[in-house]
Structure formats: C-alpha cells, structure tokens
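> Give me a model of this one.
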Amino acid sequence: MANPSRAARKTDWIGLSLGVVLTLVILVPMLIVVTWSFSNVWRYPSLWPQQVGLKFWELTLARADVWNALLTSIELATVVTALSALICLPAAYAFARLDFPGRNILFFSFLAGQAFPKFGLLVTIAAIFLQLNLIATFWGVVLIQLVGTLLFMIWIPVSAFQSVDRRMEEAARDAGAGPLRVFWSITLPQAAPTIFAALLLSFVGTFYETEGAWLIGAPQIRTMPVLMITFINNQPVIQYGAVLSVLLWIPSLIALVFTRRVVNSGSFARGFGG
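Numbers count the residues shown, from 1 in each chain. From the prediction side, this is the model:
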C-alpha cells in the first residue's frame, strides 16, 4: 500500500514542475523580446547582445506614426468601451431581471457570434461597411470592435446582476426606498466589481484587437497592433518590432495597477469569478 505522505509529495513535485514549465513558457519569450528591444547589436551565435542601449527606443519613439497609433488605439478603446457599456449594461440588467418573450434565444444569440470563424464574420461585415462608406473610417472601426465586446459586456454583467442579494433589495423597498434608490444604493454596489472587470476586459481587448482594425480601418486608421505588424513585416531590423511589443504591454500593466487601487483584490477576484 502506497504511503499517503509520499504520494502527496509526488503530487506536489508534479504540480511544481508544471508551474515552472508554464512560467518558463510565458516568461522566456517575454524576456527575449525585452532583450531585443534594448540591444543595439545582437548577432548570431551570441547568446547575449554585443551592444546594449536605448538606440532603437529613441528611434522608435521619435516617429510620429507611433504616437499617432498609440493615441488612436487609446481613443478607440475608450469610445468602444463607453458605447458598449451604454448599450450592453441596460440589456444585461433586462436579461438578468426581466422575463420577456424570446429572452433565452436573444441571450444566447450573443454567444452565437463567437461560434463562427471570426475572420469570415469580419469579411462579411466589411462587405456591408463598404456599401455604407464605413471602410477606412474611425467609426467603422468602432462598430466592428463594438461587436467583439458584446460577449464580455452582456454575459459577465448578467451574472453580476443575478448574484445580487434580493433580500437586501426587498428590505430597502420595505424601508420606503424607491426603485432608483434601491438600484444605486443596493444593486449597483454589489454588481460593481464584476461590471468593472467586464469594462477592463473590454478596454484591453479593444486596445489589442487587430483583425477588425486592419480589415476595416486600413490604411487610414492605424492602431498600435496594426503598426507593430507593419514594422515586423517591413522593417529589416527586428528591434523596432520588439520596442513596439514592449510598448503594447504597458497599457495592460497600467490597467491592472489601476484596478488594484480602485477595488480590493477580493472584490476584483469576485468580479472575474462572477
């Protein structure tokens, strides 16, 4: 009969080994990209750059198209997230609290768009946008990226509103609070961490969205991911693409730090777990 403590130690070693492998798979490529961004000269077969410096950071940040692409990405992500919240949050509340004909079919239809190949769906939408003169326009990219936020901004807030303690709402009504007061004082504070998580996912997902921005926005609308692909394909020096890759990580880090400051870690975890 196997010793339970020995079996537990064996399981621990397996988990630790998988954790180390997973960490290496994630961190090693990131470290290589960061190293490339700070290498002035790195020739094969050397395992370390022959010359390290900020040469390519200075060259990249001196380009006007980089700053224009960054501002465009931030503007698009902000507008799309705001419009998505304005459209989807009332719909999510209705799905969570109201019973109306066709509710389940309509609710699951938002998931149906994720069941088909994304690029084929984008090509179909692009054909419609071409007739509406929305190709290569800011609002054309906004609309195509808005479609990608529906899953986050419908499904996640629905679970938030469904998990609100109804007994607290009923107690507030019994105390004389009106529907609007109950919503702002009871419902929204409980659902806020999950809604904030959905907003964060929508903003970050929109910032990094590439296919729709390229297919609908090119060549006039260039976001950071589209510009990075252009750099990688057209620049003979790999450092330009590496610098842009590192720059693309910064918004995610800022968003995560901001999130940790706005809500405590427990409510943030409940938001993603909702």
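> Please, which helix or strand holds the most centrally placed residue in the chain?
Closest to where the C-alpha atoms of the chain average out (CA atoms, centre = their mean) is Gly205, at 2.5 Å. Secondary structure from DSSP states H and E places Gly205 in helix 188-208.
> Which elements pack onto that helix?
If you count contacts as 3 or more CB pairs under 8 Å, 6 or more residues apart in numbering; DSSP states H and E, helix 188-208 packs onto helix 64-97, helix 138-148, helix 150-162, helix 238-262, helix 265-273. No exception for glycine: its C-beta is placed from N, CA and C like everyone else's.
> Phe152 is in contact with the residue nearest to the centre of the chain, correct?
Yes. Gly205 lies in contact with Phe152 (CB atoms under 8 Å); the separation is 6.9 Å.
> Point out where the stretch 51-200 of the chain drops to low pLDDT.
Low-confidence segments of the stretch 51-200 of the chain, defined by pLDDT under 70: 113-114.
> try 80 this time
Applying pLDDT under 80 to the stretch 51-200 of the chain picks out residues 102, 104, 107-120, 151.
> Measure how buried the closest residue in space to Thr187 that isn't next to it in sequence is and give me the count.
Distances taken as CB to CB, 6 or more residues apart in numbering place Val164 nearest to Thr187, at 5.2 Å, with adjacent residues excluded. Residues lying near Val164 (other CB atoms under 10 Å) number 19.
> Then Ala94?
Close neighbours of Ala94, defined as other CB under 10 Å, add up to 16.
> list the contacts for it?
For Ala94, the contacting residues are Phe100, by CB atoms under 8 Å, 6 or more residues apart in numbering.
> Tell me how far it lies from Leu188.
Taking CB to CB, to the nearest Å as the criterion, Ala94 is separated from Leu188 by 15 Å.
> Leaving out sequence neighbours, find the closest residue to Ile135.
Distances taken as CB to CB, 6+ apart place Phe129 nearest to Ile135, at 5.4 Å, with adjacent residues excluded.
> do the same with Gln220
Using CB to CB, 6+ apart and skipping residues adjacent in sequence, the residue nearest Gln220 is Ala136, 4.4 Å away.
> and that neighbour, how many neighbours?
Residues within reach of Ala136, counting by other CB under 10 Å, total 15.
> Is it in a helix, a strand, or coil?
Secondary structure, DSSP: H, G, I helix; E, B strand; the rest coil: Ala136 is coil.
> wait, what's in contact with it?
216-221.
> again, but for Gly53
Shown in contact with Gly53 (CB under 8 Å, 6+ apart): 38, 40.
> So which of the helices and strands packed on helix 188-208 is nearest Thr124?
Counting by CB to CB, Thr124 lies closest to helix 138-148 out of the helices and strands packed on helix 188-208; the figure is 11.1 Å.
> And the closest one, what's buried?
Going by neighbour count (16 or more other CB atoms under 10 Å), the buried part of helix 138-148 is 140-148.
> Much appreciated, bye for now.
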